[in-house]
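Novice: Next comes the sequence, and after it the predicted model I'd like to discuss.
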Amino acid sequence: VKAGFTDEKSKKATEKNDSSADSKAEEKSSKEKDSARGIVTRAKSSFVQRIVQASNIGNWLTAADQQTVFIFLNASRTFLWSGTRSDHEGDQQLLSRMDLSYNTPTCHDVNPLTRTTSKLELVLGFETGDLLCYDALQCKYERMNKARENDWPITKVKWIPGSETRFVAATKDGYLMTLDRAKGTWNFPKISSDPTQHGGCTSNRTSIPDFFQCLTEPNRQSNPINLFHISNEAITDVSFSPDCQHVALVGEDGYLRIFDYVQNKLRDVFQSYFGGFTCVCWSGDGRYILTGGKDDLVSVWSFHDRTLVARCQGHKSWVRGVAFDNFMYANEGEYRFGSVGEDNMLLFWDFSMRSLIRPQNLVSNTFFNNSNESTLSTKGVKLSVYSPNLTSSTNICNTTNNVGTGNESDKNNSNNNDSNTTSLETIIHPLASRDEVSTLFPVVSVAAHGAPICNIQFSKSWVATACKHGIIKIWKRP
């Protein structure tokens, strides 16, 4: 009995020791696993609570290929960077996470010109008017507008093509700012309600569509370098042309504005069928502009002809994202683009001028001065998706202007029009009725998410979509 009792006690002690050894082994394995996945806290401040980065992030960058997808996502008080490999099912990892103390980022943009294996610069805009320049690899950041001389919510940020330090920021109050992260001083100009001339730019409050006010003097040495008052409603999206000379702006007032960024002049103003615009983008050759809006339509605009080419019907709710597939040009003059909306649908469209059925009733452009206002606003998850190829996902400024309209005569006319653009005043184009514009229908329609979709991105190998619930899907190309 005694021996048996001793044996039982010894057995329990042995089991306890084995269990302890197994526990230590599991703990060691867990630590090794954590070390491999790389949970490392990098920073803490009153604005940024912490930055957590994977220690094996270098392995991801080294092994990155065309099948590797890097995803940047801003949500409530959080900014995320994750990686996934489409050729390795289930191979995905959170590479970096920035937790903010109290502020929520509303938009972000990656600098395509300075991206290297040791540097990844982004700019983030916030709902309180803050701007943050952030290096996601070195975990360094610089906060702009600390004193909050203006508290306009930032709706869009965009690096200026061809510049390593300058970017633009659009606000909910209808302002567009040019900023330089290399300039540490912030001196916000006083804003006067008197619509007079400032810096050689004119303003006109009696005609809201062409209202344009420059509030900064030339050669300014502090941020913001330029400040333009463009609308009394929110600017919802900003897109630079491939030649880096023009900017397309859309807003909740229902106007598409084409702005000559080099000469600081408003070139053209178009209006939506009804309601506000929500998104805008240029084609890769600079010939066409896409817009989506609260009229449930995707609109195709010809930049050189300065006219509405087609209205695209297919969505049953507000359109939230549009993008040209610049990686798939079968023939010159043929385009494919995608759109997503609050109807949870992903739509693909094929477009060419030759395939459009032209309506019988066509009218010429004349001046138009009515305003169309909409004050509704929504918030969504903002997404950026990039491939590791430093030049494949974003067009960098090209010093030569090789855009046209599809044939030689059109190209010559376009060049002549461009040469005379600088001497023209702002043209406010009339609203075209439905029977005056061609209608385009989607070639593919997919119920892609169970929630409103707010973003779409194209790459050579995939299409990415994101919904307002923060779910991101990577699709094989059609």
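Specialist: Arrived safely, thanks for sending.
Novice: pLDDT wise, what is Lys460 at?
Specialist: For Lys460, the model assigns a pLDDT of 85.
Novice: With Ser393 instead?
Specialist: In this prediction Ser393 is given a pLDDT of 34.
Novice: Next: Ile235.
Specialist: What the model reports as pLDDT for Ile235 is 96.
Novice: Could you check which helix or strand contains the nearest residue to it once chain neighbours are set aside?
Specialist: Nearest residue to Ile235 in three dimensions, chain neighbours excluded: Ala170, at 3.8 Å (C-beta to C-beta, 6 or more residues apart in numbering). The C-beta positions use only the backbone N, C-alpha and C, and glycine is treated the same way. Ala170 belongs to strand 166-171 when assigned by DSSP states H and E.
Novice: and that strand, what does it pack onto?
Specialist: Using 3 or more C-beta pairs under 8 Å, 6 or more residues apart in numbering; DSSP states H and E as the contact test, the elements touching strand 166-171 are strand 121-126, strand 154-159, strand 175-180, strand 235-240.
Novice: doesn't Glu233 make contact with the residue nearest to Ile235?
Specialist: No - when contacts are counted by C-beta atoms under 8 Å, Ala170 is not listed as touching Glu233 (11.4 Å).
Novice: When these two are compared, which one has more neighbours?
Specialist: A count of neighbours by other C-beta atoms under 10 Å puts Ala170 above the other of Ala170 and Glu233, at 29 against 21.
Novice: What pLDDT is listed against that one?
Specialist: 97.
Novice: what is it paired to in the beta sheet?
Specialist: Lys156, Leu176 (DSSP bridges).
Novice: Run through the residues that contact it.
Specialist: 154-157, 176-177, 235-238, 249 (C-beta atoms under 8 Å, 6 or more residues apart in numbering).
Novice: Weed out the non-buried ones from those.
Specialist: 154-157, 176-177, 235-238, 249 (16 or more other C-beta atoms under 10 Å).
Novice: quick check, nearest of those residues to Leu440?
Specialist: Asp237 (20.8 Å; C-beta to C-beta).
Novice: so how far is Arg143 from that closest one?
Specialist: According to C-beta to C-beta, to the nearest Å, Asp237 stands 24 Å off from Arg143.
Novice: quick one: low-confidence parts of this structure?
Specialist: By pLDDT under 70, the low-scoring segments of the chain are 1-44, 86-90, 192-208, 210, 330, 360-424.
Novice: Please enumerate the helices of it.
Specialist: Assigned by DSSP state H, the helices in the chain fall at 2-37, 57-63, 408-421.
Novice: So what touches the shortest one?
Specialist: In other words, helix 57-63. Under C-beta under 8 Å, 6+ apart, the answer for helix 57-63 is 38, 54, 68, 83, 93, 95-96, 117, 137, 388.
Novice: what about Cys107, how many neighbours?
Specialist: 22.
Novice: And the one 3 residues further on, by the same measure?
Specialist: Number of residues near Val110 (other C-beta under 10 Å) recorded here: 20.
Novice: need the contact list for the closest residue to it other than its chain neighbours.
Specialist: Leaving aside its sequence neighbours, Val110 sits nearest to Leu122 (C-beta to C-beta, 6+ apart; 5.3 Å). Residues near Leu122 by C-beta under 8 Å, 6+ apart: 72, 108-111, 133-136.
Novice: Could you rerun that using 10 Å?
Specialist: Contact analysis of Leu122 by C-beta atoms under 10 Å, 6 or more residues apart in numbering lists 72, 74, 79, 81, 98, 108-111, 115, 132-136, 141, 157, 159, 384.
Novice: For Thr84, see how far away it is.
Specialist: From Leu122 across to Thr84, the span is 19 Å (C-beta to C-beta).
Novice: With Cys312 instead?
Specialist: To Thr84, Cys312 is 31 Å away according to C-beta to C-beta.
Novice: Also Trp60?
Specialist: 10 Å.
Novice: Overlap of the contact sets of these two?
Specialist: Shared contacts of Trp60 and Thr84 (C-beta under 10 Å, 6+ apart): 68, 70, 93.
Novice: from the residues you listed, which would you call buried?
Specialist: 68, 70.
Novice: closest to Thr278 among the shared contacts of Trp60 and Thr84?
Specialist: Phe70 (25.3 Å).
Novice: isn't that closest one right up against Gln457?
Specialist: No - because the distance of 11.2 Å does not satisfy C-beta atoms under 10 Å, Phe70 is recorded as not touching Gln457.
Novice: so who does the residue nearest to Met98 when sequence neighbours are not counted touch?
Specialist: Nearest residue to Met98, sequence neighbours excluded (C-beta to C-beta, 6+ apart): Phe79, at 4.2 Å. Contact analysis of Phe79 by C-beta under 10 Å, 6+ apart lists 48, 51, 72-73, 96-100, 104-105, 108, 122, 124, 132, 134, 136, 382.
Novice: same thing with Lys172?
Specialist: Shown in contact with Lys172 (C-beta under 10 Å, 6+ apart): 106, 127, 129, 152-155, 233-236, 251-252, 377.
Novice: go again using 6 Å as the cut-off
Specialist: Counting by C-beta atoms under 6 Å, 6 or more residues apart in numbering, Lys172 touches 152-153, 155, 234.
Novice: Closest one of the residues you listed to Ala432?
Specialist: Nearest member of these to Ala432, counting by C-beta to C-beta, is Ala234, at 24.8 Å.
Novice: Can you check the distance spanned by stretch 228-242, start to finish?
Specialist: Stretch 228-242 has an end-to-end distance of 22 Å (C-alpha to C-alpha, to the nearest Å).
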